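Engineer: Attaching a predicted model along with its sequence, questions to come.
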2 protein chains.
Amino acid sequence: MTQHHLEIRIVPRPGLLDPEGKAIHHALDSLGYESVKNVRVGKAIYVDLEAPTSEEAIAEAEAMCRGLLANPVTEEFEVGVASPAAEPGEPS
Amino acid sequence: MTQHHLEIRIVPRPGLLDPEGKAIHHALDSLGYESVKNVRVGKAIYVDLEAPTSEEAIAEAEAMCRGLLANPVTEEFEVGVASPAAEPGEPS
């Protein structure tokens, strides 16, 4: 069993309202960042998972997304193997 | 001016409490996902930004993180150019 470090990204489906993104866009505009054209906010979830292969780790994480982490009606998700440097705060 | 599609990831600093991650870890455990060893939850923010070069776009996004998006005391951030396929829900 190897430990895999996965990154799961969950974002609102395109076309669906994203109030948090709208609020951030508005705030950035007020601060003078007028070059910003669009903001969407989702979650980044980092999971350490034991599995024989990274394919099995990803499959298990996708099952977790479908069963708990993402709302399939309003959100889409993507699972990938996080490189050690991919997570902010780890060795850079 | 080109439009750049950036991905900003913001996560709690290592060692700081992450109650949302703990709650998700506990919920996954209850659902039988016992191979999960650690969960940390952050934000994934996708920003469309007009700037002459991608370096300038990234520098502007980092300024936004310092000024609004991230709490420098408790959070760390990383800005990167999102490939069109990097955001869940876009052409896969």
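Structural biologist: Okay, I see it.

Engineer: mind listing the strands for chain A?
Structural biologist: For chain A, the strands defined by DSSP state E cover A:2-12, A:36-51, A:75-81.

Engineer: quick one: pLDDT of A:Glu90?
Structural biologist: A:Glu90 is assigned a pLDDT of 51 by the prediction.

Engineer: want to throw the strands of chain A into CSV with mean pLDDT?
Structural biologist: Formatted as CSV, these follow (pLDDT from 0 to 100):
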stretch, mean pLDDT
strand A:2-12, 95
strand A:36-51, 96
strand A:75-81, 95
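
Engineer: Need the ones you listed in a markdown table (columns: mean neighbour count).
Structural biologist: The way it works is simple: take the backbone N, C-alpha and C, and place the C-beta from them, glycine included. Below are the strands of chain A laid out as a markdown table (neighbours: other CB atoms under 10 Å in any protein chain shown):
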| stretch | mean neighbour count |
| --- | --- |
| strand A:2-12 | 20 |
| strand A:36-51 | 21 |
| strand A:75-81 | 19 |
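
Engineer: could these go into a markdown table alongside distance to chain B?
Structural biologist: Shown next, in a markdown table, are these (distance: least, CB to the nearest CB, whole Å):
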| stretch | distance to chain B |
| --- | --- |
| strand A:2-12 | 5 |
| strand A:36-51 | 4 |
| strand A:75-81 | 4 |
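
Engineer: As JSON lines, the ones you listed with distance to B:Ala61 would be great.
Structural biologist: Below are the strands of chain A laid out as JSON lines (distance: least, CB to CB, whole Å):
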{"stretch": "strand A:2-12", "distance to B:Ala61": "17"}
{"stretch": "strand A:36-51", "distance to B:Ala61": "9"}
{"stretch": "strand A:75-81", "distance to B:Ala61": "20"}
